[in-house]
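**Q** structural data only, the sequence is not supplied:
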């Protein structure tokens with residue numbers, strides 16, 4: 001059985017997972033992230049779900065896509081982004 005994770009470690013894991021998903025060119029799987037962060041995939045999945053809930057009302061959202069997780073433009077502001085990029 002693994003040792004309990006402290007609050008500091010949880011914050012660090014969240015920051016690392018968030019950064020890795022941000023720079024990933026493809027949807028990042030919990031298994032791939034867990035390997036880098038050195039925790040189990042279930043813990044990474046919980047972190048991703050928590051982050052997804054936090055980002056739900058922002059300009060970018062964190063969503064599960066194609067077996068992994070990816071930051072995407074919030075559909076509510078997508079028209080503005082398209083216009084800006086033209």
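**A** All right, it came through fine. On a predicted model such as this, the values are computed, not experimentally measured, just so you know. Residues are numbered from 1 along each chain as shown.
**Q** ok, and what's touching the top helix by length along the chain?
**A** Scanning the chain for the helix with the most residues, using DSSP state H, yields helix 7-23. By C-beta atoms under 8 Å, 6 or more residues apart in numbering, the surrounding residues in contact with helix 7-23 are 5, 28, 33, 36-37, 39, 43-44, 47-48, 50-51, 62, 69-71. All C-beta atoms are positioned from the backbone trio N, CA, C, and that covers glycine.
**Q** buried residues, that helix. List them.
**A** 10, 13-14, 16-18, 20-21 (16 or more other C-beta atoms under 10 Å).
**Q** kindly report the same for stretch 41-59.
**A** Taking 16+ other C-beta under 10 Å as the basis for neighbour counts, the residues of stretch 41-59 that come out buried are 43-45, 47-48, 51, 55.
**Q** centre of the chain to the stretch of helix or strand residue 78 belongs to, how far?
**A** Using DSSP states H and E, residue 78 sits in helix 78-85. Using C-alpha atoms, centre = their mean, to the nearest Å, the mean C-alpha position of helix 78-85 is found 23 Å from that of the whole chain.
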